[in-house]
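Trainee: Next input, structure requested:
(2 chains)
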Amino acid sequence: MNNAIGSRFLNSSCVCRRVLKIGSVRLLVPHQHDAAHSQRNVMTAHSMFPPVRELSPKIRCSQWTEIQRQLSGRAGGTMNVFDRTMKRRQKKWAASLQDGDKYDYLRDEVGSRVADRVYDITRTFPLALDIGCGKSHIAEHLHKEVVEQLFLTDISEKSLRNTRESEIPTHCVMADEEFLPFKENTFDLVVSSLSLHWINDLPGALRQINQVLKPDGAFIGAMVGGETLYELRCALQLAELEREGGFSPHVSPYTAVTDLGNLLGQAGFSMLTVDIDEIQVHYPGILEVMSDLQGMGESNCAWNRKSMLHRDTILAAAAIYQEMYGSENGSVPATFEILYMIGWKPHDSQAKPAKRGSANVSFGDLSKIGQPSTKDKS
Amino acid sequence: MSGTNVWTRSRERMRRFPELFAQCSGEAAAYGKCVTATTTGRQELRKDLCGQEGSEVDHSAQHISAGHIVHSAGHIVK
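Mentor: Okay, here's the model as predicted:
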């Protein structure tokens, strides 16, 4: 078990940032040299890479965001939708709230349903991993007979320090879901509840989960998807269109349930099970919806997010939400569509489709199933 | 977090929004009906299509929030 990387993350996130800064300056220097230092003597070619100290004050805040955005997307053209640093900061803020427990209702509910699915598999798992655990909402429902040892990972250190009590011995590792610091073929069970929807490279992350699983290991995940928060999205879109003339996305893009089967298949899982659950929560108004999402640590962190909402847009969105989706007593619903997925790492002991030509009964015998055989009557 | 900054002040203002909205419910309902009518009708939603209703909501909200400020200042003076 390679925990060295995990503990390094825990101790100093600033190390990563410093390395990133130096690296980014070195990368950007050629362009800056052309634009900003064009007056310099061209003969001084040896000063193509001036020392870091000289250039770092020249990189303004807006450029730094752009540098971060380009560097955080990996080579190969993977999607880069979410700002993971921002998400870590939001989760840290949410975990340090005094009354943070009152926002846990959704996570608790989904955690208990994932634990139900773990119980459905009548096996004991010696080693399990919980990815993006938050305050560990699944482990409190599990018993030692089902899972003997549990590793909890999350990108936010603060939530790992406030995990719920569980009777299973747990180890906390601070790790990013896209860069799992574990060896191959380690875990018998990987669970994940409501954290996969912030991953930039979902196929890559699912492949890594497949790698850390032992053969005949199971992955049980729950992620928000499909038509989640469509009421909020529509209300904000209409309000912005009417008040400001255009709109920008405020709700992050979700995976459709039809894509999930393909994703899991490409990652190498077999015997897939995908189902949808719809949880509708009623709130007094749009502002309570948004503040609860913020308290859960689910604020928007897409790169293309607008940094503010105008007051008239908020009032307009509240009016539209109430009118389009409100109920008689004045409350408004917010829909959370949770996609549950179960996938297995292939193993020889798993049932495979029968070989062609191995049938020993004929389809013509189907019609005789309902009739009792004459031999048994005596 | 030391003292008040722009974020704590704006969060404080945001906290008053639900009650502002509750008191402007009449104008808000009119605005809401105007906008939802465009989603079912043929008209595309343009900027300020429901401008009149929208400005009514804004005026009503400003009026009520101004009343709040005067009210709370009165308490402090007393």
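
Trainee: Taking chain B, what residue is nearest to chain A?
Mentor: For chain B and chain A, the shortest gap (CB to the nearest CB) falls at residue B:32, measuring 2.7 Å. C-betas here are computed from N, CA, C, even on glycine.

Trainee: count of residues packed around that residue?
Mentor: When counting by other CB atoms under 10 Å in any protein chain shown, one arrives at 27 neighbours for residue B:32.

Trainee: State the pLDDT value of the closest residue in space to it that isn't next to it in sequence.
Mentor: Of all residues not flanking residue B:32 in the chain, residue A:323 sits nearest, at 2.7 Å (CB to CB, 6 or more residues apart in numbering or on different chains). The model reports residue A:323 with a pLDDT of 90.

Trainee: Next: the one 4 residues further on.
Mentor: The predicted local distance difference test score for residue A:327 is 89.

Trainee: How about the residues of chain A by chain B?
Mentor: Contact residues, chain A versus chain B (CB under 8 Å from any CB of the partner chain): A:238-239, A:241-245, A:284-285, A:287-288, A:311-312, A:314-316, A:318-320, A:322-324.

Trainee: Return the subset of those residues lying in helices.
Mentor: Within the residues of chain A next to chain B, residues falling in helices by DSSP state H are A:238-239, A:241-244, A:287-288, A:311-312, A:314-316, A:318-320, A:322-324.

Trainee: before we move on, the earlier item: who's in contact with the residue nearest to residue B:32?
Mentor: With contact set as CB atoms under 8 Å, 6 or more residues apart in numbering or on different chains, residue A:323 has these partners: B:29, B:31, B:32, B:33, B:35, B:36.

Trainee: By neighbours, which of these wins?
Mentor: Going by other CB under 10 Å, residue B:31 tops these with 29 neighbours.

Trainee: roughly how far out does the helix or strand hosting that one sit from the chain middle?
Mentor: Assigned by DSSP states H and E, residue B:31 belongs to helix B:25-40. Offset of helix B:25-40 from its chain centre (CA atoms, centre = their mean, to the nearest Å): 15 Å.

Trainee: So which elements touch that helix?
Mentor: Packing contacts for helix B:25-40, counted by 3 or more CB pairs under 8 Å, 6 or more residues apart in numbering or on different chains; DSSP states H and E, involve helix A:230-244, helix A:311-325, helix B:51-77.

Trainee: Residues contacting it, please?
Mentor: With contacts defined as CB under 8 Å, 6+ apart, helix B:25-40 is touched by A:238-239, A:242, A:315-316, A:318-320, A:322-324, B:21, B:44-45, B:49-50, B:53-54, B:56-57, B:60.

Trainee: For stretch A:126-137, list every residue counted as buried.
Mentor: A:127, A:128, A:129, A:130, A:131, A:132, A:133, A:134, A:135, A:136, A:137 (16 or more other CB atoms under 10 Å in any protein chain shown).

Trainee: Mind checking what secondary structure the fourth one has?
Mentor: With DSSP: H, G, I helix; E, B strand; the rest coil as the basis, residue A:130 sits in strand.

Trainee: and it, bridged to which residues?
Mentor: residue A:152, residue A:191 (DSSP bridges).

Trainee: Pull the contacting residues for it.
Mentor: Neighbour list for residue A:130: A:136, A:138, A:139, A:150, A:151, A:152, A:153, A:190, A:191, A:192, A:193 [criterion: CB under 8 Å, 6+ apart].

Trainee: so the second one makes contact with residue A:114?
Mentor: What it means is residue A:138. Yes. Using CB atoms under 8 Å, residue A:138 is in contact with residue A:114, at 5.3 Å.

Trainee: What strand or helix carries residue A:160?
Mentor: helix A:157-161.

Trainee: Residue A:138 and residue A:114: which has the busier surroundings?
Mentor: Between residue A:138 and residue A:114, residue A:138 has the larger neighbour count (other CB under 10 Å), namely 30 against 24.

Trainee: Quick one, grab the pLDDT at residue A:16.
Mentor: pLDDT at residue A:16 comes out at 41.

Trainee: what residue is smack in the middle of the chain?
Mentor: I went with chain A, as the question did not name one. Central residue of chain A (CA atoms, centre = their mean): residue A:196, 1.9 Å from the mean position.

Trainee: looking at chain B here, not the other one
Mentor: residue B:61 (4.2 Å).

Trainee: which non-adjacent residue is nearest it?
Mentor: Distances taken as CB to CB, 6+ apart put residue B:20 closest to residue B:61, at 4.9 Å, once the chain neighbours are dropped.

Trainee: Going by secondary structure, that neighbour is in what exactly?
Mentor: Using DSSP H and E, residue B:20 sits within helix B:17-23.

Trainee: interface residues of chain B facing chain A?
Mentor: Counting by CB under 8 Å from any CB, chain B sits next to chain A at B:14, B:17-18, B:20-21, B:24, B:28-29, B:31-33, B:35-36, B:39, B:45-50, B:54, B:57-58, B:61.

Trainee: Out of those residues, which end up buried?
Mentor: B:17-18, B:20-21, B:24, B:28-29, B:31-32, B:35, B:45, B:49-50, B:54, B:57-58, B:61.

Trainee: what about the helices in chain A?
Mentor: For chain A, the helices defined by DSSP H cover A:4-11, A:13-36, A:52-55, A:61-72, A:84-95, A:105-120, A:157-161, A:202-212, A:230-244, A:257-267, A:286-295, A:311-325, A:374-377.

Trainee: Tell me which of those helices lies nearest to residue A:339.
Mentor: helix A:257-267 (5.4 Å; CB to CB).

Trainee: who does the closest one touch, helix- and strand-wise?
Mentor: Short answer (3+ CB pairs under 8 Å, 6+ apart): helix A:257-267 packs on helix A:202-212, strand A:270-283, strand A:332-344.

Trainee: how about 10 Å then?
Mentor: On a contact count with 3 or more CB pairs under 10 Å, 6 or more residues apart in numbering or on different chains; DSSP states H and E, helix A:257-267 meets helix A:202-212, strand A:213-224, strand A:270-283, strand A:332-344.

Trainee: Strand partners (parallel or antiparallel) of the longest one?
Mentor: In the sheet containing strand A:270-283, its partner strands are strand A:332-344 (antiparallel), by DSSP bridges.

Trainee: and the strand it pairs with, average pLDDT?
Mentor: 95.

Trainee: How about stretch A:348-355?
Mentor: Average pLDDT, stretch A:348-355: 83.
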